[in-house]
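Q: Pasting a predicted model and its sequence here:
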2 protein chains.
Amino acid sequence: MQSELIHSVVKHLTNGQPPRVWSLLVTVFGELAQDRDSRISGLLLRHMSGQFGIKPEAMRVALHRLRKDGWIDSERSGRTSTYFLTAWGRSQSVQASPRIYEAHPAADRAWLVMTNPSRPVKFDDFTGAWISSNMLITSALPDAEELFVTSLNADTDLPGWMTNKVCDDATARKSRAFATALGATKQRLGAAPRLSILEVAAIRVLLVHSWRRIILKVPALPDFVFPETWHGAACRERVSDFLIHHPKPSLAELEHALTTSADI
Amino acid sequence: MQSELIHSVVKHLTNGQPPRVWSLLVTVFGELAQDRDSRISGLLLRHMSGQFGIKPEAMRVALHRLRKDGWIDSERSGRTSTYFLTAWGRSQSVQASPRIYEAHPAADRAWLVMTNPSRPVKFDDFTGAWISSNMLITSALPDAEELFVTSLNADTDLPGWMTNKVCDDATARKSRAFATALGATKQRLGAAPRLSILEVAAIRVLLVHSWRRIILKVPALPDFVFPETWHGAACRERVSDFLIHHPKPSLAELEHALTTSADI
């Protein structure tokens, strides 16, 4: 059963549209069961999904697909099952975590790099954005020859046709909507909300999920190379503010709270 | 008749290949008769041309072509003719003079400018070089929107594929050959050469002519954005050194020297 508080928060954070189950479960595993040997009970998964308005049948389908794709595996114990990330699923989750959970921008320096047009160079897309076929804004200087490199900073006047390559319109719009939703959520929760650990876990998953779907779409670059329509800095600040003030409950605590809760 | 000194200097400065007559005469008019109302006698033109190894018939053909192209005009007075730049010819000559005669680099600042690839901008080619379809190195900041601009200086590490667009290989090679020829000429002339004003005029024309055909092929940019193979700075220094120490004789002096010379 969804608590009235969670119902309202979910509504703010999802704009009324239920999140895609498969993707949301990836966030749940990443948030709660990234440690080796962490296992989530079917009961807890059902409870979490229910909080987000996901039907048990939809969850079962998503779990099946996650297992088929090699993200998770499961083990029966008696009449119930436990679920856990595979080694590959964990590695994916571990790789993405710093960008998602970091309270500070992923980079504080950036360079504009131009490569010899007749000699293509391969760069890491995670740390940079291609502006054109031989021009890159990057936070990690590539180890290549024949480059022109100029340092960018907060005072550099970057035209829109460049910053738009760092973050597309759709993602910028999402960041704005999410920043607004985070503001509304904060107001709804009040200054010092009294949340159960199950509520904390649900809200954390929801914040991390929405934020993950924005921040992983953009390269690890300082905010000053983003377009003016990007509200990622506000999102990052509000998400990490909640995460810091509402530390992650342990899986054991959550499982315990669930089995003793009157809600279930 | 060519003096032995001029013969040797001409050989150094032309690498044994006689200069194109039409083009050389443009230099002669620009050097000696750029002022309004300046006229050069056929006698003086023949003498100058002879110094450079140009036959009278070749000179007549070139004068005819210059007149046909609107560069010069002529006027008969008695049995001889005088020649002078047309208004258009003078304007061409005046426009080119600063770059040719200036003892200092044409610019001491430069910027790398990038324009929105989907919105082409027109710039002045005299003050800049296109690196690619939307990238320019320029000494005159264009008045346009949506530009990315970064300042370049002597410490900026510009890759070869950029500097090669400022000055092509052929022009760079010419600058090196000319710098070498200027060194050899200086040695031939000695520390304090005793030159007649007709010799001064001939050597000045020759230096200006060779230098013009190099410096006008490249944009007005500081030396530090040129490729390492560019020896223009040395050329500029040596040319202007000679020009300063051997001021331009007036046309009247030259005509007088010619009519009283035992050579003729």
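A: Arrived safely.
Q: contacts, neighbours, all on C-alpha from now
A: Fine.
Q: ok, A:Y83 - how many residues close by?
A: By the criterion of other CA atoms under 10 Å in any protein chain shown, A:Y83 has 20 neighbours.
Q: show me what contacts the closest residue to it other than its chain neighbours?
A: Of all residues not flanking A:Y83 in the chain, A:S74 sits nearest, at 4.3 Å (CA to CA, 6 or more residues apart in numbering or on different chains). Counting by CA atoms under 8 Å, 6 or more residues apart in numbering or on different chains, A:S74 touches A:67, A:81-84.
Q: Neighbour-wise, give me the winner out of these.
A: The most neighbours, when the contacts of A:S74 are compared by other CA under 10 Å, belong to A:F84, which has 23 neighbours.
Q: My read is that that one contacts A:A33, right?
A: Yes: between A:F84 and A:A33 there is a contact at 6.9 Å, judged by CA atoms under 8 Å.
Q: Find the residues that touch each one of these two.
A: Shared contacts of A:F84 and A:A33, defined by CA under 8 Å, 6+ apart, are found at A:39-40.
Q: Name the residue closest to the centre of chain A, please.
A: For chain A, the residue sitting closest to the mean C-alpha position, by CA atoms, centre = their mean, is A:R212 at 1.7 Å.
Q: Would you check how far apart that one and chain B are?
A: According to CA to the nearest CA, to the nearest Å, A:R212 and chain B sit 31 Å apart.
Q: Name the nearest residue to that residue, ignoring sequence neighbours.
A: Nearest to A:R212 is A:I100, by CA to CA, 6+ apart, at 5.7 Å.
Q: Report the beta-bridge partner residues of the closest residue to A:M135 other than its chain neighbours.
A: Using CA to CA, 6+ apart and skipping the chain neighbours, the partner closest in space to A:M135 is A:M114 (4.5 Å). Per DSSP bridges, the residues bridged to A:M114 are A:M135, A:F148.
Q: can you pull the contacts of A:M114?
A: A:134-136, A:147-149.
Q: cool, and A:R176?
A: Contacts for A:R176 were tallied using CA under 8 Å, 6+ apart; they are A:229-232.
Q: what does A:I6 give?
A: Neighbour list for A:I6: A:51, A:199, A:202-203 [criterion: CA under 8 Å, 6+ apart].
Q: Turn the residues you listed into JSON lines, columns for distance to chain B, neighbour count and secondary structure.
A: Formatted as JSON lines, the contacts of A:I6 follow (distance: CA to the nearest CA, whole Å; neighbours: other CA atoms under 10 Å in any protein chain shown; DSSP: H, G, I helix; E, B strand; the rest coil):
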{"residue": "A:Q51", "distance to chain B": "47", "neighbour count": "21", "secondary structure": "helix"}
{"residue": "A:E199", "distance to chain B": "48", "neighbour count": "18", "secondary structure": "helix"}
{"residue": "A:A202", "distance to chain B": "44", "neighbour count": "22", "secondary structure": "helix"}
{"residue": "A:I203", "distance to chain B": "42", "neighbour count": "24", "secondary structure": "helix"}
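Q: Name the SS class of A:A154, please.
A: Secondary structure for A:A154, judged by DSSP: H, G, I helix; E, B strand; the rest coil, is coil.
Q: Pull up the residues of chain A that are close to chain B.
A: Residues of chain A found near chain B (CA under 8 Å from any CA of the partner chain) are A:116, A:146-150, A:157-161.
Q: what is A:S41 paired to in the beta sheet?
A: Per DSSP bridges, the residues bridged to A:S41 are A:T82.
Q: what pLDDT does it get?
A: If you check A:S41, the pLDDT there is 95.
Q: so what's it up against?
A: A:S41 makes contact with A:80-83, A:255, according to CA under 8 Å, 6+ apart.
Q: Pick out whichever of the residues you listed sits closest to chain B.
A: A:Y83 (50.7 Å; CA to the nearest CA).
Q: My guess is the closest one contacts A:W71. True?
A: No: the criterion here is CA under 8 Å, and A:Y83 misses it with A:W71 at 10.4 Å.
Q: circling back: measure the residue nearest to A:M135 to B:L112 for me?
A: For A:M114, the distance to B:L112 (CA to CA, to the nearest Å) stands at 11 Å.
Q: following the helix or strand hosting A:V208, which helix or strand shows up next?
A: Using DSSP states H and E, A:V208 falls within helix A:197-215. Going down the chain from helix A:197-215, the next helix or strand is helix A:232-245, by DSSP H and E.
Q: buried sites along the helix or strand just after that next one?
A: Downstream of helix A:232-245, the next assigned helix or strand under DSSP H and E is helix A:251-260. Judged by neighbour count using 16 or more other CA atoms under 10 Å in any protein chain shown, the buried positions of helix A:251-260 are A:251, A:254-255, A:258.
Q: Give me the contacts around helix A:251-260.
A: With CA under 8 Å, 6+ apart, helix A:251-260 has contacts from A:32-33, A:38, A:40-41, A:44, A:197-198, A:264.
Q: If you rank those residues by neighbours, which is first?
A: A:I40 (22 neighbours).
Q: Could you list the low-confidence segments of chain A?
A: In the predicted model, chain A carries pLDDT under 70 at residues A:1-2, A:16, A:262-264.
Q: let's see it at 50
A: Scanning chain A for pLDDT under 50 picks out A:264.
Q: Give the full set of residues in contact with the closest residue to A:D157 other than its chain neighbours.
A: Take A:D157 and drop its neighbours on the chain: the residue closest to it by CA to CA, 6+ apart is B:F148, 6.8 Å away. By CA under 8 Å, 6+ apart, the residues touching B:F148 are A:157-159, B:113-115.
Q: Now list the buried members of those.
A: The neighbour count (16+ other CA under 10 Å) marks A:158-159, B:113-115 as buried among the contacts of B:F148.
Q: Of those, just say which sits nearest to B:L25.
A: B:V113 (38.4 Å; CA to CA).
Q: hang on, the closest one packs against B:V149?
A: Yes: if you go by CA under 8 Å, B:V113 and B:V149 touch, sitting 4.6 Å apart.
Q: Find the nearest non-adjacent residue to the residue of the stretch 1-150 of chain A found nearest chain B, please.
A: Taking CA to the nearest CA, chain B has its nearest neighbour within the stretch 1-150 of chain A at A:E146, 4.9 Å off. For A:E146, ignoring the flanking residues on the chain, the nearest one in space by CA to CA, 6+ apart is B:P159 at 4.9 Å.
Q: One more: A:L198?
A: Computed as CA to CA, 6+ apart, the closest residue to A:L198 that is not its neighbour in sequence is A:L254, at 6.3 Å.
Q: And the one you found, how far from A:L43?
A: Distance from A:L254 to A:L43, by CA to CA: 11 Å.
Q: do you know how far A:D69 is from A:V26?
A: 12 Å.
Q: Against which helices or strands is the helix or strand hosting A:A129 packed?
A: For A:A129, the enclosing helix or strand under DSSP H and E is strand A:128-132. Secondary-structure packing of strand A:128-132 (3 or more CA pairs under 8 Å, 6 or more residues apart in numbering or on different chains; DSSP states H and E): strand A:135-138, helix A:160-166.
Q: Show me what residue of the stretch 151-264 of chain A gets nearest to chain B.
A: Residue nearest to chain B within the stretch 151-264 of chain A: A:P159 (4.9 Å; CA to the nearest CA).
Q: Pretty sure that residue sits against B:E146.
A: Yes: with contact defined as CA under 8 Å, A:P159 counts as touching B:E146 (4.9 Å).
Q: What separation is there between the nearest residue to A:A58 once chain neighbours are set aside and B:D73?
A: Among residues not flanking A:A58 along the chain, A:V21 sits closest, at 7.2 Å (CA to CA, 6+ apart). Taking CA to CA as the measure, A:V21 falls 87 Å from B:D73.
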